[in-house]
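> Structure for this input, please:
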Amino acid sequence: MRNEACGTSLTHCRALIFIQGAFSLLFALFLLVPMAVDFCMGGGDWESFATAFSVSAIVGSVCLHGGKSGPIGRHETVYLICAVWTILPVLAAIPFFVSETTRLPYVDALFEAMSGLTTTGATVLSNLQAKSPGILLWRAMLNCIGGLGVITIGVLLLPCLKVVGLKDIYGVESPTVPQQFKFSVFRTVLYITCVYAVLLVLCAGAYKIAGMSVFDAICHAMSTVATGGFANYDSSLGYFDSAAIEIIAIVFMLLSSCPFVVYLRLVLEGRFRSKQFVVFICILAVFSLLGAINLYGKNVLPEAEFPEVLRRSTFTLVSLATSTGFANCDYSTWGFLAVTGTILTLCGGCSGSTNSGLKMHRIVILVHGGYRYVRNMLMRAPLTSAYRQWQPVVREGSALPEAGAFFFMYVFVFCIACIIVAWSESDLATIVTSVASTFANTGPGIGEVIGPNGTYASLSTTVKFVLTVLMLIGRLELVPVFVLLLSLLQSDARRLPVVRKGAKMLDMFR
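Reported below is the predicted structural model:
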């Protein structure tokens with residue numbers, strides 16, 4: 001019996017190695033694109049991409065040779081998703097590390113790569129205008145790959161390698177995508193990819209018509225639709241100083257914030273319906289108007305008329321709430337908008353879209369649950385009666401307890417991260433907003449250091465590493481990471497009674 005279990009475990013392990021190798025090889029192919037572009041446009045960094053391609057191809061080949069295609073178990077799926085999202089940024093960082101125009105320390109290069117793949121948009125690079133075309137395109141491609149989802153791309157492109165079990169992995173990476181259509185996972189991913197591609201083409205075309213060059217239009221379209229926020233200029237979209245470009249960015253950031261399944265429903269069933277997206281739009285409309293009134297009343301932009309103030313207010317809040325992180329000015333000194341934007345950053349956008357954060361559907365559930373609780377208290381119902389009224393909600397639909405558990409984990413990780421960062425940093429705005437922006441995968445924070453006009457380069461190596469891990473946790477929406485930790489604790493608990501008690505305390509995170 002024991003030998004059979006060991007054999008099964010070894011089979012799963014080889015399957016994990018095989019799939020990791022397949023993803024590494026696929027990633028190596030992506031590296032050929034910026035290498036070719038950099039070579040054709042006369043950049044000096046095509047050799048760095050050739051180096052990264054070689055390393056990725058070697059890693060992938062070794063894993064494919066040492067592994068074996070086969071089914072994987074539920075726990076192995078969590079191991080794999082964490083491994084893929086850890087190893088690929090390590091490979092993606094190589095061009096930033098060896099490039100002649102960047103020459104970043106490896107921790108900084110890893111920070112930049114993780115920021116790109118998780119669509120955070122935080123950067124340690126400055127003087128972006130002087131960087132090679134390959135580096136700029138690679139940053140945008142990382143946003144694009146991360147926005148669609150590494151596993152989504154794998155489900156679409158890896159069947160040729162006979163990789164099995166990807167549909168289970170896709171469910172872990174995108175846990176909030178509703179399964180409402182009677183399609184295979186492959187067809188669903190294919191349709192979502194088509195929607196993503198259509199948005200990319202339309203956005204790039206609109207940017208080109210508005211005055212961008214072809215290269216800038218393609219790069220910024222990938223960052224916009226992925227809600228990643230990497231730009232080709234230090235001043236982000238403010239470099240273009242164009243109302244048309246800002247309006248286009250607002251439109252496509254919002255379109256990318258809508259659950260992609262809603263687009264499928266619109267095409268296949270002829271109806272557009274999403275409560276969380278409606279709530280999201282209403283919140284943005286209200287606070288954008290309030291922010292514009294606040295700016296106009298304080299005469300913060302003395303030469304601007306109210307329509308321009310409203311556009312700037314809307315652009316800033318949409319950029320932050322959708323976790324994109326584009327900027328058209330330094331909003332750190334705007335008070336109301338800066339605070340509101342930080343809060344909306346943590347709240348995040350819609351589930352099933354390219355947005356990150358707590359997500360609107362969980363906020364709707366929590367608000368509704370709080371309303372029911374307060375209503376019961378106002379009716380002066382006995383505690384036992386109120387408890388019984390909650391029982392059907394918990395028994396019939398687990399949305400409320402799941403949302404509550406996720407909210408607790410979200411706040412818990414946020415607080416712990418703030419404490420860790422505070423060990424090295426002393427500025428409160430830098431501490432709170434750096435954690436909020438990386439955890440919610442938004443990018444820029446508030447203040448002179450990491451504000452819209454700043455970078456994360458001046459932070460200590462320890463803080464940058466912590467924020468890099470935080471980006472990964474935020475992108476995976478906490479649960480896979482906690483499940484992995486719980487699984488490891490439960491494995492060690494057989495030998496350590498103290499850890500066993502700790503593992504039991506973590507059962508609430510299941």
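> With only the CA atoms kept, save whichever strand or helix holds A338 in CSV.
Taking DSSP states H and E as the criterion, the element that holds A338 is helix 336-347. Extracted as CSV, the C-alpha positions of helix 336-347 are listed here (Å, rounded to 0.1, in the frame of the first residue of the first chain):
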residue,chain,number,x,y,z
PHE,A,336,-9.7,63.6,-1.7
LEU,A,337,-8.8,61.9,-5.0
ALA,A,338,-5.6,60.4,-3.7
VAL,A,339,-7.3,58.8,-0.7
THR,A,340,-10.3,57.7,-2.7
GLY,A,341,-8.1,56.2,-5.3
THR,A,342,-6.1,54.2,-2.7
ILE,A,343,-9.3,52.8,-1.2
LEU,A,344,-10.6,51.9,-4.7
THR,A,345,-7.3,50.3,-5.4
LEU,A,346,-7.8,47.8,-2.6
CYS,A,347,-11.4,47.3,-3.6
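> give the contact list for T120.
Contact analysis of T120 by CB atoms under 8 Å, 6 or more residues apart in numbering lists 114, 228-229, 323, 325, 437-438, 441-443, 471, 474-475. Heads up, the C-betas are built off the backbone N, CA and C, glycines and all.
> ok, 7 Å please
In this structure, T120 makes contact with T438, N441, T442, G443, M471, judged by CB atoms under 7 Å, 6 or more residues apart in numbering.
> cool, and V318?
So V318 contacts I250, M253, L254, L284 (CB under 7 Å, 6+ apart).
> If we use 10 Å, what do you get?
V318 is in contact with 227, 246, 249-251, 253-254, 257, 281, 284, 288, 324, 326, 341, 344, 349, counting by CB atoms under 10 Å, 6 or more residues apart in numbering.
> and which of these is nearest V198?
Of all these, V251 has the smallest distance to V198: 13.9 Å, by CB to CB.
> can you count the residues close to that closest one?
As a burial measure, the neighbour count of V251 was computed by other CB atoms under 10 Å and equals 15.
> next one: the helix ranked longest in the chain to chain centre, how far?
If each helix of the chain is counted by residues according to DSSP state H, the longest one is helix 2-40. Shown here is helix 2-40, whose average C-alpha point lies 22 Å from the average C-alpha point of the whole chain (CA atoms, centre = their mean, to the nearest Å).
> That one: which residues count as buried?
Under the neighbour-count criterion of 16 or more other CB atoms under 10 Å, helix 2-40 has 11-28, 30-31, 34-35, 37-39 buried.
> Now the helix or strand following it: average pLDDT?
Where DSSP H and E defines the elements, the next helix or strand beyond helix 2-40 is helix 46-66. When pLDDT is averaged along helix 46-66, the result is 93.
> do the same with stretch 337-357
Within the predicted structure, the mean pLDDT of stretch 337-357 is 86.
> which parts of it are buried?
Buried positions in stretch 337-357, judged by neighbour count with 16+ other CB under 10 Å: 337-338, 340-342, 344-357.
> Equivalent analysis for stretch 303-323, please.
By neighbour count on 16+ other CB under 10 Å, the buried set for stretch 303-323 is 309-323.
> How about stretch 452-469?
Buried positions in stretch 452-469, judged by neighbour count with 16+ other CB under 10 Å: P452, G454, T455, Y456, A457, L459, V463, K464, V466, L467, T468.
> quick one: which of those is nearest V267?
Closest approach to V267 among these (CB to CB): P452, at 36.9 Å.
> tell me the contacts of the closest one?
Applying CB under 10 Å, 6+ apart, we find P452 in contact with 234-236, 238, 316, 319, 325-332, 443-446.
> Helix or strand: which one has it?
Mapping P452 onto the secondary structure by DSSP H and E places it in no helix or strand at all.
> What confidence value was assigned to it?
Confidence at P452, expressed as pLDDT, is 88.
> and what of R362?
According to the prediction, R362 has pLDDT 87.
> how about it, secondary structure?
Secondary structure of R362, reduced to three states by DSSP: H, G, I helix; E, B strand; the rest coil: helix.
> That one and A399 touch, don't they?
Yes - counting by CB atoms under 10 Å, R362 sits close enough to A399 to count as a contact (8.6 Å).
> Those two: which has the busier surroundings?
When R362 and A399 are compared on other CB under 10 Å, the one with more neighbours turns out to be R362, at 24 against 17.
> who are the neighbours in contact with the more buried one?
Contact criterion CB under 10 Å, 6+ apart gives 176, 276, 347-348, 351, 399-400, 402-404, 406-407, 410, 477 as the residues in contact with R362.
> Specify which member of those is nearest to P95.
The shortest gap between P95 and any of these belongs to E477, at 27.8 Å (CB to CB).
> What is the neighbour count of that closest one?
23.
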